[in-house]
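# Need coordinates for the below:
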Amino acid sequence: MEKITQMTEQYAQKVAKITKSYQTMAQIPEIDLATSPKELVWNDGKISLFRYKNNAKTTVKVPLLIVYALVNKQDMMDLQPDKSVVRKMLALGLDVYIMDWGTITRADRYTTMNDYINGYINGAVEYMKKAHNLPKVNLLGVCQGGTFSTIYAAMHPENIKNLVVMVAPIDFSNRDGLLFRWAIDMDVDALVDNGGGIVSGELLNSGFDMLKPLAKIRKYTAIVDSLDDKEKMLNFLRMEKWVANSPDQAGECFRQFIKDMYQGNKLIKGELVLGGETVNLKNIDMPVLNIYAESDHLVPPPCSIPLTDFISSKDSKLYKFAGGHIGVFVGSRSQNELSPTIVDWLKQRD
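Below you'll find the predicted structure:
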């Protein structure tokens, strides 16, 4: 009889939770991401440069350009008000710009790494230099955007005051990460050509899910217990919206990135050629802050750490973040520790 009573109580609790969850979901408005106010200041076709509006006093003279990866939207840097790298940096006195890579269509299938780096990133940097009447800007590259930013700094060291890279793959010889083991044997020509010159963002997302398949199951199982908690549901839905909004990739850029980086490791070997010029990491002589995540399964630490050994900078700092790839952006440690560390580091070198 006692067991029946317990089961009845548990059932009643579940029913009450489900009932409340309907009320909770009904109260949730449109899920908005990246709500920090910003204005479009420069564009080249579909590529846009935004400058964030800031009511706080700017305490760092040299503005910061954020370059995100192509595989996801840069909204992760400003996911929600209480989990925003951008908002924290603005509050601490930075003048922040960010690249938006736009939406890829078949018309963009021939866009190359050189177009992104020597074309779009360089165009944004030149705009910022002119707008602020400064010879150099600060550059922050994230994940693949960190690889691009490192290459840009090596090709245009005269334009970069300080370089910050976050969870950026640099040494692709590592095989700790499953993604790196997959990429080495990928038939990238077949993938690009069979897709009509475009690599589907949905396809790439499926691949990322397969890296840790149980993690997705645990995520959806755990959220069931939070269906009646509006704030937890909002957090969950914002992240899901960001993940789902994975843009397609320009085929030629994707092809070269897989062949030259994952399969050839040409950046570290000194064999990477863009726009007819060989990229020499020794040209990076400006201060460098290299941030890696201790538990990163997408870009394992051995992929990021070696950068310091291949540049000529006398002011290079390696920073270990105690977390995973996404925690760098949205975890509480990111707000309380990482963003202030970056701002302080830039202030000391302003």
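# The helix or strand containing Trp345 - contacts with which helices or strands?
Using DSSP states H and E, Trp345 sits in helix 339-348. Helix 339-348 sits against helix 85-91, strand 160-166, strand 288-293, with contacts defined as 3 or more CB pairs under 8 Å, 6 or more residues apart in numbering; DSSP states H and E. Just so you know, the C-beta spots here come from the backbone N, C-alpha and C atoms, and that holds for glycine as well.
# Give the pairing partners of the shortest one; include direction for each.
The one in question is strand 288-293. strand 160-166 (parallel), strand 316-321 (parallel) (DSSP bridges).
# Point out the most buried one among these.
When you average the neighbours per residue for each of the strands paired with strand 288-293 (mean count of other CB atoms under 10 Å), strand 160-166 leads with a mean of 25.
# Can you give the distance of it from its chain's centre?
Put simply, strand 160-166 sits 15 Å off its chain's centre (CA atoms, centre = their mean, to the nearest Å).
# Any chance you could list what contacts it?
By CB atoms under 8 Å, 6 or more residues apart in numbering, the residues outside strand 160-166 that reach it are 62, 125, 136-143, 146, 149-150, 152-153, 284, 286-291, 304, 307, 328, 342, 345-346, 349.
# again, only this time at 6 Å
62, 136, 138-142, 146, 150, 153, 286-291, 328, 342, 346, 349 (CB atoms under 6 Å, 6 or more residues apart in numbering).
# And Lys161, how far from Arg349?
As judged by CB to CB, to the nearest Å, Lys161 and Arg349 stand 7 Å apart.
# for Ala91, same thing?
20 Å.
# now Val165
Taken as CB to CB, the span from Val165 to Arg349 is 15 Å.
# For Thr103, give me phi and psi.
Backbone geometry at Thr103, expressed as degrees, to the nearest 10, gives phi -110, psi 120.
# Can you give me the buried ones in stretch 37-44?
Lys38, Trp42, Asn43 (16 or more other CB atoms under 10 Å).
# Contacts for it next, please.
Applying CB under 6 Å, 6+ apart, the external contacts of stretch 37-44 come out as Ser48, Leu49, Phe50, Arg51, Tyr52, Lys53, Tyr120, Gly123, Tyr127.
# what about 10 Å?
The contact list for stretch 37-44, computed with CB atoms under 10 Å, 6 or more residues apart in numbering, reads 48-55, 78, 86, 90, 96-100, 102, 115, 119-120, 123-124, 126-128, 130-131.
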